[in-house]
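Trainee: Output the structure for:
(one chain, ligands or ions: 2)
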Amino acid sequence: MGKTCRLLLRTYAKVNLCLDIIRKRSNGYHEISSLFQNISLADKMEIIISNGDGNIQIDSNMHIEDNILYKIWRLLGDKDHDVKVRLEKKIPMGAGLGGGSSNAAGFLKALEYVGVITKDDAYQLAKAVGSDVPFFLYGGTANVAGRGEIIEPLEPLPSFKIDIFYPGYSISTKEAYGNLRSEWFNLAPMGPLELYRAYLENDCEKIKKGTYNIFERVIPNDLLSKIEKLKLEFPAALTGSGSAYFCISSNGKYHFTQKGVEIDAFDEIEG
Ligand SMILES: C[C@@](CO)(OP(=O)(O)O)[C@H](O)COP(=O)(O)OP(=O)(O)OC[C@H]1O[C@@H](n2ccc(N)nc2=O)[C@H](O)[C@@H]1O
Ligand SMILES: Nc1ncnc2c1ncn2[C@@H]1O[C@H](COP(=O)(O)OP(=O)(O)O)[C@@H](O)[C@H]1O
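Mentor: Ligands and ions are numbered 1, 2, ... in the order given. All right, here's what the predicted structure looks like:
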């Protein structure tokens, strides 16, 4: 890479249209069964990559302890380039919306775009930095299994409208998983592919029935009651391990998108 490259990206949030756990692995991780869907709520990133000595600088509008992008850079161990990242966070953090994972995928896609890493490097690094990161390399709609690294990309769903609700506090993914009981596993009314077909057929009753999240069993009661109230009228559920929740509504502020990461601009800067 001869010149300095500058990329502008949007990295989209995701919701889990359904999320169940199949089993707990001996290493402590849980096998999920989930229909992931990107939505039009997005962070913005400016990434400048130049020849250098392996320095990284991240500026963000929000304070983030140990940004996941540092973890990627440490794992990559690149000593031939310098990177500068300006991050404009709009996705609430620790909300089950995958904001950090989406930023990580955007960073990997940018490094792949300028040839610093290969496509396979990006996937291996994605698996290594976070369970939700691999999905964002594909984006759109996907049937996700394993720890989150087994991705079955699906034909994009029509652009359903969706509302997102953030209660103003985050939930630790690790703690949420730690509170799950195995007797709650495998209780989803239907699997991700059956729910996906219900969306394709716009079968509202079946979509409502299949909109499920096992983590609703381990969230605060006042948060659960807000979700239960929405469920009376809409397909609604917690996303990820929370704290955010969503409902599918024709008046929704956001909509389904077909990508996890969008490179909006690329240019080479002399010098
Ligand atoms: C590859 C890793 C993990 O081995 O390296 P280390 O962090 O151990 O160095 C990466 O951190 C990877 O990050 P990871 O821990 O998956 O981050 P997250 O996806 O946010 O998961 C947070 C925590 O939720 C739990 N978790 C998450 C996903 C999943 N399918 N099952 C789980 O049980 C685990 O306790 C996990 O540690
Ligand atoms: N770039 C980032 N954006 C958001 N959170 C980040 C980032 N880097 C590291 N994190 C950490 O990851 C945690 C999970 O963030 P996020 O991925 O937004 O939530 P979730 O995993 O619940 O979807 C945050 O609480 C934060 O401490």
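
Trainee: At the contact with ligand 2, which residues of the stretch 51-200 of the chain appear?
Mentor: Contact residues, the stretch 51-200 of the chain versus ligand 2 (Cβ under 6 Å from any ligand atom): 64-65, 67-68, 93-101, 103, 170, 173. (Each C-beta comes from the backbone N, C-alpha and C, glycine too.)

Trainee: let's see 5 Å
Mentor: Within the stretch 51-200 of the chain, the residues that sit near ligand 2 (Cβ under 5 Å from any ligand atom) are 64, 67-68, 93-94, 96, 98-100, 103.

Trainee: Pick the one among those closest to Asp132.
Mentor: Set against Asp132, the nearest of these by Cβ to Cβ is Gly98 (5.0 Å).

Trainee: what separates the closest one from Gly240, distance-wise?
Mentor: Distance of Gly98 to Gly240, given as Cβ to Cβ, to the nearest Å: 7 Å.

Trainee: which residues are in contact with both of those two?
Mentor: 14, 132 (Cβ atoms under 8 Å, 6 or more residues apart in numbering).

Trainee: Between these two, tell me which one has more neighbours.
Mentor: The neighbour comparison of Gly98 against Gly240 (other Cβ atoms under 10 Å) goes to Gly98, with 29 against 25.

Trainee: The more buried one contacts Ala244, doesn't it?
Mentor: No: contact criterion Cβ atoms under 8 Å: Gly98 and Ala244 do not qualify, at 10.1 Å.

Trainee: Show me where this protein dips below the pLDDT cut-off.
Mentor: For the chain, applying pLDDT under 70 flags the ranges 1, 271.

Trainee: Tell me the residues on it that lie near ligand 1, please.
Mentor: 29-30, 130-131, 147, 173-174, 177.

Trainee: Can you add secondary structure and give those back as TSV?
Mentor: Conversion of the residues of the chain next to ligand 1 to TSV gives the following (DSSP: H, G, I helix; E, B strand; the rest coil):
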residue	secondary structure
Tyr29	coil
His30	strand
Gly130	coil
Ser131	coil
Arg147	coil
Thr173	helix
Lys174	helix
Tyr177	helix
